[in-house]
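S.K.: What follows is a predicted structure for the sequence shown.
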Amino acid sequence: MKKRFLSMILAVVLCGLLLAGCDGGGSTGTVPPAPEAPAASAGTVSIKLLGASWEKKMDGYTYVYYSAELSNGNSKTAGACQITITSRDAEGHVLDVSNDYTGRIAGNDTIRFSGRVMYVGDVPSAVELAVGNPMGGYNDHFDATAKASDFQFKNVARLDESKISGDVVNNSSVDCTNVRVSVILKKNGQVIGGTYTYANNVKRNGGSAPFVIYSFVDYDSFEVVAAEW
């Protein structure tokens, strides 16, 4: 009888551990705001971190969610740029280095967007962003590029704690094959990063496409932004 009772207890404990592993539970936190970055000077592209947060999973993976502002200081369209995202611990040691790539950026335009990186290791105390020179340089012969102000939104709703949906509207004169739709999340008035999805084949002159974005960090307000990608 005693052995049977112990077996039942072990089964209950094992079941609890399996459930905990399945729901991916863990801890979350935010990264202190970064120092102000210099504005883009003529002929350059600059990037500024708006805010970031992290989620530590029980399987050892750390997810970093960030929001950024990217400015093209040239009157000509900038080609796609590589972005480097560096996560550091409290002592300045590098935890992870990841890369992302933007789409073209219209002349004298500023876009805002969110991104996400994942790695195995400790949570970051600082997140740094750097941007490379535009691939293909600056060129007024690039295909026409939509500006950030060309995108609007309708039917935006926070459906539950983790889901935001809506439609992105393209008011430019350019058909956009890919549009990166991002949410910039805030808590207590501070940007804490965000995440994104893509809307595809958004036609010019008022065409629209639906989107759904899932977020797994705690926030109390949000803003939706878009950029051709």
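M.R.: Cool, got the structure. Numbering: from 1, shown residues only.
S.K.: chain center to the helix or strand encompassing Leu95: distance?
M.R.: If you go by DSSP states H and E, Leu95 is part of strand 94-101. Remark: strand 94-101 is offset 13 Å from the chain centroid, using C-alpha atoms, centre = their mean, to the nearest Å.
S.K.: List the neighbouring strands of that strand plus their orientation.
M.R.: strand 82-88 (antiparallel) (DSSP bridges).
S.K.: Next secondary structure element downstream of the strand holding Leu95?
M.R.: Heading C-terminal from strand 94-101, the first helix or strand you meet, by DSSP H and E, is strand 110-120.
S.K.: rewinding a little: CA-only coordinates of the strand holding Leu95, as CSV, when you get a sec.
M.R.: Provided in CSV are the C-alpha atoms of strand 94-101 (Å, rounded to 0.1, in the frame of the first residue of the first chain):
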residue,chain,number,x,y,z
VAL,A,94,28.7,39.7,-24.9
LEU,A,95,25.9,37.2,-24.6
ASP,A,96,24.7,37.1,-28.2
VAL,A,97,25.3,38.8,-31.5
SER,A,98,22.5,38.5,-34.1
ASN,A,99,21.8,40.2,-37.5
ASP,A,100,18.6,41.4,-39.2
TYR,A,101,18.1,43.2,-42.5
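S.K.: Excluding its own residues, what touches that strand? List them.
M.R.: With C-beta atoms under 8 Å, 6 or more residues apart in numbering as the test, strand 94-101 has contacts from 62, 64, 80-89, 115, 117, 119, 121-122, 124. Bear in mind the C-beta positions are built from the backbone N, C-alpha and C, glycine included.
S.K.: quick check: angle from the host helix or strand of Lys48 to strand 110-120?
M.R.: Taking DSSP H and E as the criterion, Lys48 maps to strand 45-57. If you take axes from the mean of the first three to the mean of the last three C-alpha atoms, to 10 degrees, strand 45-57 sits at 40 degrees to strand 110-120.
S.K.: which stretches of the protein aren't confidently modelled?
M.R.: Residue ranges of the chain with pLDDT under 70: 1-26, 33-42.
S.K.: Next, the buried residues of the helix or strand just after the strand holding Lys48.
M.R.: For strand 45-57, the following helix or strand on the C-terminal side (DSSP H and E) is strand 61-72. Residues of strand 61-72 classed as buried by neighbour count (16 or more other C-beta atoms under 10 Å): Thr62, Tyr63, Val64, Tyr65, Tyr66, Ser67, Ala68, Glu69, Leu70, Ser71, Asn72.
S.K.: Next: stretch 122-133.
M.R.: Neighbour counts over stretch 122-133 (16+ other C-beta under 10 Å) mark Asp122, Val123, Pro124, Ser125, Ala126, Val127, Glu128, Leu129, Val131 as buried.
S.K.: Spatially nearest residue to Ala227, not counting backbone neighbours?
M.R.: Using C-beta to C-beta, 6 or more residues apart in numbering and skipping residues adjacent in sequence, the residue nearest Ala227 is Ile111, 4.1 Å away.
S.K.: Bridged to that neighbour, which residues?
M.R.: Applying DSSP bridges, one finds that Ile111 bridges with Leu70.
S.K.: Surely it touches Ala146?
M.R.: No. If you go by C-beta atoms under 8 Å, Ile111 and Ala146 don't touch, sitting 10.0 Å apart.
S.K.: Which residues are in contact with each of the two?
M.R.: Joint contacts of Ile111 and Ala146 (C-beta under 8 Å, 6+ apart) are Ala227.
S.K.: surely Phe211 meets Gly166?
M.R.: Yes. Contact criterion C-beta under 8 Å: Phe211 and Gly166 qualify, at 6.2 Å.
S.K.: That concludes my questions; thank you for your assistance.
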